[in-house]
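Enquirer: I would like to see how this sequence folds:
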Amino acid sequence: MKIAIIGQQDFGKAVLEAFLSRGDEVSAVFCAPEKEGARPDALRAAAQEKDLKVHQFRSLRDPEATRAMKDTGTDIGIMAFVTQFAPQEFVTIPRHGTIQYHPSLLPKYRGPSSINWPIIKGDTETGLSIFRPTDGLDEGAVILQKKTPISPDDTLGSVYFDRLFPMGVQALLEAADLVLAGKHRETVQDESQASYEGWCRSAEAKIDWAKPIDHVYNLIRGCNPAPGAWTMLDGKKLQIFDAHKVLFRRFADVPGKIGEVTDVTTQSFKVTAQGGLIEVLKAKFEDGKKVSGGELAQAAGVAAGTALGG
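Expert: Predicted coordinates:
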């Protein structure tokens, strides 16, 4: 199989290595150029180490990108974590077209933060889709899907790195084989079931301690490790990562006020929310490093009665 890989970063690198390891020919790699001062892209570095042809176009709409893809004479294009828009005149060039990885069960959670949102919304299942890229964002026909449960304590990190990442690499191999063998089916997405979610960034990751405890806990899980759910402490942005949820059973169980620290130990500190406590196990100030909740509390002078938020 002769392929062209369009992608970037660690997922793109893993996909490249998976195809090479089974003997497929990589005719070219298309990778977005790094921003000034950024570390070398993992896919680009890996491809160049293997003496593969690497293209870094600022836009895949560039006629030079189209010519470069035509020159590859490739059987199929493989889009592995692509942040650039890829027009139809580019993706339809390979003999069997192009397939793309997306980490959600399309048509649900179209968009750039499709792993964060199912966790934030409390879903119990997510997955991945291999689909045909079109000019609509994540709207093309689906070729293959894989599902995975979301446990009550899963985080963005555990769902992606433990499951959707390795599952995605294997799914691209499987889908490419099906397409080249002519054994695949293309299922048009059901628009009545579709949802689009935008970025989950800092603005979306702000904690409202007055929200129900499940809402707060799911936000923390869905933003761990990025972008990091956050609150304010003495005018400084405090990001919370690893945490534990404790439900209140009786009115008598409720300590302190909403958003107030109620207990500090050597390992953690606890914050009251609506219907329960969040035990903060790992956190950091925006300009600091991740430490245990207890270490941060000690260093910042956090004690019972300290108010967060505001």
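Enquirer: now do the contacts for the spatially closest residue to residue 104 that is not a sequence neighbour.
Expert: Using C-beta to C-beta, 6 or more residues apart in numbering and skipping residues adjacent in sequence, the residue nearest residue 104 is residue 114, 3.8 Å away. Quick note: C-beta positions are derived from backbone N, CA and C, even for glycine. By C-beta atoms under 8 Å, 6 or more residues apart in numbering, the contact list for residue 114 reads 102-104, 138, 197.
Enquirer: the stretch 1-150 of the chain: helices as residue ranges?
Expert: 9-21, 42-49, 63-72, 88-91, 116-120 (DSSP state H, counting those that start in this stretch).
Enquirer: mean pLDDT, mean neighbour count and distance to residue 182 added to these, as CSV?
Expert: What follows is the helices of the stretch 1-150 of the chain, written out as CSV (pLDDT from 0 to 100; neighbours: other C-beta atoms under 10 Å; distance: least, C-beta to C-beta, whole Å):
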stretch, mean pLDDT, mean neighbour count, distance to residue 182
helix 9-21, 98, 19, 19
helix 42-49, 97, 19, 29
helix 63-72, 98, 16, 21
helix 88-91, 98, 18, 19
helix 116-120, 98, 24, 33
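Enquirer: relative to residue 203, which of those is closest?
Expert: helix 116-120 (13.0 Å; C-beta to C-beta).
Enquirer: identify the residues contacting the closest one?
Expert: 104, 108-109, 111, 125-126, 150, 154-156, 159, 197, 200, 218-219, 221-223.
Enquirer: among the residues you listed, name the buried ones.
Expert: 104, 108-109, 111, 126, 150, 154-156, 159, 197, 200, 218-219, 221-223 (16 or more other C-beta atoms under 10 Å).
Enquirer: tell me which of those fall in strands.
Expert: residue 126 (DSSP state E).
Enquirer: about what we covered before: please convert the helices of the stretch 1-150 of the chain to JSON lines, extending it with distance to residue 181.
Expert: What follows is these, written out as JSON lines (distance: least, C-beta to C-beta, whole Å):
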{"stretch": "helix 9-21", "distance to residue 181": "16"}
{"stretch": "helix 42-49", "distance to residue 181": "26"}
{"stretch": "helix 63-72", "distance to residue 181": "21"}
{"stretch": "helix 88-91", "distance to residue 181": "20"}
{"stretch": "helix 116-120", "distance to residue 181": "32"}
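Enquirer: residue 277: which of these is closest?
Expert: The nearest among these, by C-beta to C-beta, is helix 116-120 at 19.5 Å.
Enquirer: just the helices from the stretch 151-300 of the chain, written as ranges.
Expert: Going by DSSP H, counting those that start in this stretch, the stretch 151-300 of the chain shows helices at 156-159, 165-181, 213-222, 293-300.
Enquirer: closest one to residue 233 among the ones you listed?
Expert: helix 293-300 (6.6 Å).
Enquirer: now the residue nearest to residue 104: how far from residue 178?
Expert: Residue 114 sits 23 Å away from residue 178, going by C-beta to C-beta, to the nearest Å.
Enquirer: now do residue 309
Expert: For residue 309, the distance to residue 178 - C-beta to C-beta - is 51 Å.
Enquirer: need the contact list for the residue in the chain sticking out farthest from the centre.
Expert: Centroid-distance maximum for the chain: residue 252 at 39.9 Å, with C-alpha atoms, centre = their mean. Shown in contact with residue 252 (C-beta under 8 Å, 6+ apart): no residues.
Enquirer: measure it to residue 102 for me?
Expert: 48 Å.
Enquirer: over to residue 157?
Expert: In terms of C-beta to C-beta, residue 157 sits 19 Å off from residue 102.
Enquirer: repeat that for residue 214.
Expert: 27 Å.
Enquirer: for residue 137, same thing?
Expert: 10 Å.
Enquirer: need the overlap of contacts for the two.
Expert: residue 110.
Enquirer: neighbour count for the two, which is higher?
Expert: Taking other C-beta atoms under 10 Å, residue 137 and residue 102 do not tie; residue 102 has more neighbours (25 against 13).
Enquirer: what number of residues lie near the residue nearest to that one when sequence neighbours are not counted?
Expert: Nearest residue to residue 102, sequence neighbours excluded (C-beta to C-beta, 6+ apart): residue 129, at 4.9 Å. Per other C-beta under 10 Å, the neighbour tally for residue 129 reads 28.
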